[in-house]
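Q: mind folding the following:
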Amino acid sequence: MKVTKKRKKVNDKVEKGKLYALIDASKLIKEVNVANFNASVDLHIRLGVDPRKPDQALRGTVSLPHGTGKEKRVLVLCSPDKEEEAKAAGADHVGLDEYVQKIQGGWTDIDVVIATPNVMAKVGRLGRILGPRGLMPSPKTGSITFDVGSAVKEVKKGKISFRVDKFGIIHTSIGRVQFTPEQIRDNATEVLQMIGKMKPSAAKGIYFKSIYLASTMSPSVAIDTRSVKGL
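A: Predicted structure coming up:
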């Protein structure tokens, strides 16, 4: 694929083989952004874990101090007695049977699904659709709960979920390029510290094998783990 002059110019700003301090990477990622929209800023973290083993298949949540910069569309699947609570908290879609049918028909125009425990028998049928998209409710992420009001509010304020893929890598969005470098740094630090606390006792050797910061359509920047507070 032909590299445009603009892309070559930004590529040259990132030194190959260099590990950047997190705050410097947060500044650089704004400089090398080539998208003409408020692009997502993402972390790509390769861990020294074996995701085939249940105790190393990391999955969790974290609340970003500066939010995600994107309005999350939340669906709450619940019984009628919980619908008003979910709506009052700001859920975008609330119900059960009609949404189960819509999802079975291919509708997944949502970012987060929260469900109450008493409807999981119906929600469980949607696993083959929601699972691959990272939308299936889970106790590990706090998305199966009777306290739907608090769960919705946390998501709207900036709570995100993450999980390691089959290659031992976590990919997660932590903000937008219009954030300040300090906001990007703070959000990244929060995610990395949480993943650090979740290190499985069975994981041996180097835990954080590599950390990259990247924005949509732009080159990635390698992070020096020593520059991340608390790691």
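
Q: may I see the buried residues of the longest helix along the chain?
A: Ordering each helix of the chain by length in residues (DSSP state H) puts helix 181-197 first. Of all the residues in helix 181-197, those buried under the rule 16 or more other C-beta atoms under 10 Å are 181, 183, 184, 185, 186, 187, 188, 189, 190, 191, 192, 195. The way it works is simple: take the backbone N, C-alpha and C, and place the C-beta from them, glycine included.

Q: which is the next helix or strand following it?
A: Toward the C-terminus, helix 181-197 is succeeded by strand 208-215 as the next helix or strand (DSSP states H and E).

Q: parallel or antiparallel, list what pairs with the next helix-or-strand element following that next one.
A: Next helix or strand after strand 208-215 toward the C-terminus (DSSP H and E): strand 221-222. Applying DSSP bridges to the sheet, strand 221-222 is found paired with strand 208-215 (antiparallel).

Q: quick one on the thing from earlier: just the CA coordinates for the longest helix of the chain, please, in CSV.
A: Written as CSV, here are the backbone C-alpha positions of helix 181-197 (Å, rounded to 0.1, in the frame of the first residue of the first chain):
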residue,chain,number,x,y,z
PRO,A,181,-2.0,14.8,27.1
GLU,A,182,-2.6,14.8,30.9
GLN,A,183,-6.1,13.4,30.5
ILE,A,184,-4.8,10.6,28.1
ARG,A,185,-2.0,9.9,30.6
ASP,A,186,-4.3,9.7,33.6
ASN,A,187,-6.8,7.4,31.8
ALA,A,188,-4.0,5.1,30.6
THR,A,189,-2.5,5.0,34.0
GLU,A,190,-5.8,4.0,35.6
VAL,A,191,-6.2,1.1,33.2
LEU,A,192,-2.6,-0.1,33.5
GLN,A,193,-2.6,0.0,37.3
MET,A,194,-5.8,-2.0,37.4
ILE,A,195,-4.4,-4.7,35.0
GLY,A,196,-1.2,-4.7,37.2
LYS,A,197,-3.3,-5.5,40.3
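
Q: distance of the residue nearest to residue 227 when sequence neighbours are not counted relative to residue 29?
A: Residue nearest to residue 227 in three dimensions, not counting chain neighbours: residue 21, with 3.8 Å by C-beta to C-beta, 6 or more residues apart in numbering. Note on residue 21: its distance to residue 29, by C-beta to C-beta, to the nearest Å, is 13 Å.

Q: more neighbours: which of the two?
A: When neighbours are counted by other C-beta atoms under 10 Å, residue 21 and residue 29 differ, and residue 29 comes out ahead with 27 against 14.

Q: secondary structure element holding the more buried one?
A: Going by DSSP H and E, residue 29 is in helix 22-31.

Q: quick one: average pLDDT of that helix?
A: Mean pLDDT, computed over helix 22-31, is 95.

Q: what's the next helix or strand after it packed up against?
A: Per DSSP H and E, helix 22-31 leads on to strand 40-47 as the next helix or strand towards the C-terminus. The elements that strand 40-47 packs onto, with contact taken as 3 or more C-beta pairs under 8 Å, 6 or more residues apart in numbering; DSSP states H and E, are strand 169-176, helix 181-197, strand 208-215.
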